[in-house]
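>>> Sequence unavailable; structure follows:
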């Protein structure tokens with residue numbers, strides 16, 4: 001069952017990817033328990049970031065089949081929320097990150113967080129990025145000829 005893409009009052013064509021933020025109790029083995037949810041399935045983890053707090057962790061997770069992943073995670077009893085991010089293909093050269101930051105700074109876009117993805121569409125590294133305004137960030141990146149990926153692109157690179 002496909003879930004519809006997030007929409008606002010004004011529909012947009014910004015290619016976004018879905019991320020799950022999963023709450024883990026501060027107990028030994030919780031990350032293993034979460035990862036094992038995908039062990040015997042065709043759903044692959046494409047990106048993972050973990051932030052630890054005093055008594056819990058938040059795991060940010062991107063999978064290649066988000067609808068199935070959502071069902072699997074919730075069935076396993078993990079509380080989660082879903083959000084949208086941009087996935088950006090890294091430009092060639094050693095100044096790739098700097099050029100992305102520069103494009104977003106010029107457009108006055110704030111970055112909440114960023115992390116690398118395991119997927120390498122067309123043999124290129126990519127990052128997942130949460131910005132305060134995804135549509136404006138997308139437009140700013142397009143103006144500088146960056147390639148912003150969608151979920152189908154990420155699946156092709158795994």
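Received the coordinates, thanks. The model shown is predicted, which means the values in this text are computed figures rather than measured ones.

>>> Touching the strand or helix carrying residue 87 from outside, list them.
Element membership for residue 87 (DSSP states H and E) is strand 80-89. Contacts with strand 80-89, where a contact means Cβ atoms under 8 Å, 6 or more residues apart in numbering, come from 6, 14-23, 62, 66, 70, 73-74, 100, 117, 121-122, 124-131, 134, 137-138, 141, 146-150, 153-154. Heads up, the C-betas are built off the backbone N, CA and C, glycines and all.

>>> Could you do stretch 130-137 as well?
Residues from elsewhere that reach stretch 130-137, judged by Cβ under 8 Å, 6+ apart: 12, 14, 16, 19, 83-86, 104, 107, 109-114, 129.

>>> let's see it at 7 Å
Stretch 130-137 is touched from outside by 12, 14, 16, 84-86, 104, 107, 109-113, with contacts defined as Cβ atoms under 7 Å, 6 or more residues apart in numbering.

>>> So for the strand holding residue 87, what gets flagged as buried?
By neighbour count with 16 or more other Cβ atoms under 10 Å, strand 80-89 contains the buried residues 80, 85-89.

>>> can you check stretch 23-32 too?
Across stretch 23-32, burial judged by 16+ other Cβ under 10 Å covers 24, 30.

>>> Please apply the same query to stretch 44-61.
44-49, 57, 59-61.

>>> And the chain, what are its domain boundaries?
17-83, 85-156 (automatic domain parsing).

>>> Mean pLDDT added to the ones you listed, as a markdown table?
Shown next, in a markdown table, are the domains of the chain (pLDDT from 0 to 100):
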| stretch | mean pLDDT |
| --- | --- |
| domain 17-83 | 94 |
| domain 85-156 | 93 |
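
>>> is it true that residue 156 touches residue 120?
No. Counting by Cβ atoms under 7 Å, residue 156 does not reach residue 120; the two are 9.7 Å apart.

>>> quick one, which of these two is more surrounded?
residue 120 (16 against 13; other Cβ atoms under 10 Å).

>>> now the strands for the protein?
17-25, 45-52, 56-63, 80-89, 111-116, 126-131, 148-149 (DSSP state E).

>>> so can I have a markdown table of the ones you listed showing distance to residue 95?
Shown next, in a markdown table, are the strands of the chain (distance: least, Cβ to Cβ, whole Å):
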| stretch | distance to residue 95 |
| --- | --- |
| strand 17-25 | 24 |
| strand 45-52 | 23 |
| strand 56-63 | 25 |
| strand 80-89 | 14 |
| strand 111-116 | 16 |
| strand 126-131 | 14 |
| strand 148-149 | 19 |
